[in-house]
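Visitor: quick one, what's the 3D model for this:
(one chain, ligands or ions: 1)
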Amino acid sequence: MQEITKEILLADRERLEAYERVFGVTMPKVTADGDIDGLPAPYPRVVHGVERSGYRIWQLAEQAKKNGIPVQNPILGRNSAEETMRESVDMYKAAEELGITLFHFVHSEATRHIDPLDGAELIEQSRGKGGITPQGEREFVAMGGGTKHPLRINATGDTPHLSIVNALIAGFDGTDIGPVIHVHFGGRGIHDYKTKVTNGFKSMQICAENNIFAQIESHKHLNNIGGTDGMALAMCLLSEGLAVLAGLPRQLSALQMNVAGLNLLADLAVMRAFKEVMWSGSLIVVPETFQNPPPDLIAESAHFARMAISARLGGADFYRPKAAESVGIPTGASMGKAIWASQNVFENTVAIDIADPAIDHRKEEIYAEAMAVLAAVLQRPAPAPAEIGPDFWRGYGVEDLISLVVQAGKKGVLDAPRAGGWDLKRGVRTHRDRDGVRRYIPGWGPAEIPVGKLAFTSEPVKVDGVKPVIKKTKMVLGTIGADAHVMGINNIREAFEQAGFEVIFLRGMNLPETVAEIAVEAKADIIGVSNLLGMGTVLYPRVSARLEQLGQRDRIKVIAGGRVAEKEEEHSAMEEKMKREGTAFLAVDAFFGPGTPPEKVVEWVQKHIEEGKQ
Ligand code: B12
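Guide: Below is the predicted model of the structure:
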């Protein structure tokens, strides 16, 4: 039994042992005779008195298909099991008053995205932020998590296959693997692209053999980093190809999608494009978060309501209600309100079937791009959407399909503007048009895709070319700790490059000490570090401490940005403290929080460093 799962664990023995060591949980062991001991039986299996199985989630999807009302899939996960349970009880209360069953998505801690073998030091420096730990996951189930409302945990990142084994031990019915194909993290990652895709494939095999429900790929994540709907569809289909080869049943396979709520017809088009061609049994729809939320939370709630309407009319199986505090982690009570509001929208929106040529036109645009991307990846003529299905994918061997994906990723065929990391060639640019649709900027489409197959913006968009270095100040920028959020630091980098500064960009997930060492070696004048996971108080001082050890703190300035504390109220308190006392307690010369216009940072550097060099 569980031959494939065991084979995968045996082949990755060192990482399995590192997972146990670094995360402090008991994992299955390799025995003296080369077998695996301690792997729990596959689902369906009773854990803490309740029979768990990925098919519990599929039943909810079937119910949504029958009623036309999406089942809600809220995210709620805190850093400890107790806290997660306390907040979940409040959230469950809201669901029970409405008489609905939730599909509860528990956030995992950010470090879980990092390889426990090669990234042990990063993990140790960044413990317990962004969600629940592997041990907390087990405790949460023991406390009653998932008894009534089945659970999913996210297991994306470098070693999803190991996180999924932890989820199986804990008793989570489902997981996220996706994105398997695309690189949504801006982190450098510990692995190369081939290992990422291969580990994604292994994860699907484990889910197949153990009856775990899996979100296998994500339009949402590509959308988050500025990618187009057509590119996201191609990636989702490639991921489905791997899922078919891994033996995952379609009932256990789901795709995740963003709706933007800006243009109902565009939301319906993208949902229909996916639903008509996808093989996976479920579509999980997620509202696009305001990336820089307005101070007015009522406006934000209205924004979420529009997206709930799109999800209802587009026929989502699952929907992620969003609590209004989208920047901080929501409480169970506020998530309860979001659940109430979303259910209210679902039940009070008449299920009209909208037919409009704009929907069909947009759908065709999405298909044209997706099929052209598949043609370039698979090195064959473009398929028709209707051709794609299990038989189509069974024509490929596992190794061949993985290798075609990896080659295409490296060449820049599978591209998105703010994807980061690994050794991929990246160069596309997109623009969100006034109709709410993101299209390519002329001249900036993905590699090897005929321009006739891509939708380009017709709005005037200025693309800044590469600017020569004209300033004397040199800087090193990157995120530190487990943090892979690179959008903010990227904006800062672009602003400096456009102003003529020399920037050494380290992307995401750096040790604070490494950043300091690189700055010294490169004779940089300033370091800029970012952390959105609320680890600033711990990690920023480490940059300064290393500079001091190297005798360079007086010469090199350090600035930082992001979120200094995890929860909204704590972050605000920190910002207040900085106003009163300055930034010395963070060991930085200046701090720039969410919402800072990048030009303000450029001005600061101009005034405090560049002018002194004239
Ligand atoms: C987009 C996003 C993602 C994307 C990131 C894509 C990418 N490649 O960057 C994806 C989907 C991958 C993602 C993943 C995760 N995310 Co996220 N994500 C966000 C989101 C929605 C927006 C962040 C963003 O890009 N903002 C836009 C930029 C422009 O703003 P900014 O980063 O604040 O930067 C500005 C300033 O802060 C400042 N600044 C920032 N850095 C620096 C540095 C310097 C030197 C200077 C001068 C200035 C500066 O200038 C910038 C311009 O104004 C936020 C919620 C939110 N609205 O903030 C959550 C959020 C940050 N994520 C969160 C979490 C928990 C996660 C995950 C841990 C989830 C999980 N369990 O897997 C993972 C993280 C994994 C990891 N290892 O880091 C939490 C963090 C909570 C916390 N404090 O712990 C947030 C707050 C959402 C939430 N409410 O739960 N996320």
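
Visitor: list the residues that contact whichever residue of the stretch 351-500 of the chain sits closest to the ligand.
Guide: Residue nearest to the ligand within the stretch 351-500 of the chain: G488 (2.2 Å; C-beta to the nearest ligand atom). (Each C-beta comes from the backbone N, C-alpha and C, glycine too.) If you count contacts by C-beta atoms under 8 Å, 6 or more residues apart in numbering, G488 has them with S530, L532, G561, G562, P594.

Visitor: quick check: pLDDT value at it.
Guide: Here the pLDDT value assigned to G488 is 91.

Visitor: ok, it to T26 distance?
Guide: 38 Å (C-beta to C-beta, to the nearest Å).

Visitor: contact partners of the longest helix along the chain?
Guide: Assignment by DSSP state H gives helix 357-378 as the longest helix of the chain. Contacts with helix 357-378, where a contact means C-beta under 8 Å, 6+ apart, come from 228-231, 233-234, 237-238, 265-266, 268-270, 272-273, 277, 381-385, 388, 396, 404-405, 408, 413-414, 437, 446-450, 453-455.

Visitor: show me those residues that map onto helices.
Guide: Short answer: the contacts of helix 357-378 in helices (DSSP H) are 229-231, 233-234, 237-238, 265-266, 268-270, 272-273, 277, 404-405, 408.

Visitor: show me which of these are buried.
Guide: 229-231, 233-234, 237-238, 265-266, 268-270, 272-273, 277, 404-405, 408 (16 or more other C-beta atoms under 10 Å).

Visitor: quick check: closest non-adjacent residue to the residue nearest the centre of the chain.
Guide: Among the residues of the chain, the one closest to the centroid is H221, at 5.3 Å (C-alpha atoms, centre = their mean). What sits nearest to H221 in space, not counting adjacent residues and going by C-beta to C-beta, 6 or more residues apart in numbering, is H184, at 4.0 Å.

Visitor: neighbours around the one you found, how many?
Guide: 23 (other C-beta atoms under 10 Å).

Visitor: what's the answer for A384, then?
Guide: 10.

Visitor: which ones are touching it?
Guide: Per C-beta under 8 Å, 6+ apart, neighbours of A384: M371.

Visitor: so where's the stretch 401-550 of the chain uncertain?
Guide: For the stretch 401-550 of the chain, applying pLDDT under 70 flags the ranges 420-423.

Visitor: in the least confident helix or strand in the chain by mean pLDDT, what's buried?
Guide: One helix or strand of the chain scores below all others by mean pLDDT, DSSP states H and E: helix 297-314, with a mean of 86. Residues of helix 297-314 classed as buried: 300, 303-314 (neighbour count, 16+ other C-beta under 10 Å).

Visitor: cool, stretch 25-38 as well?
Guide: So stretch 25-38, judged by 16+ other C-beta under 10 Å, has buried residues V25, M27, P28, V30, I36.

Visitor: kindly check the end-to-end length of it for me.
Guide: 12 Å (C-alpha to C-alpha, to the nearest Å).

Visitor: list the contacts of it.
Guide: 5-6, 9-10, 13, 16-17, 19-20, 39, 134-135, 138, 162, 165-166, 169.
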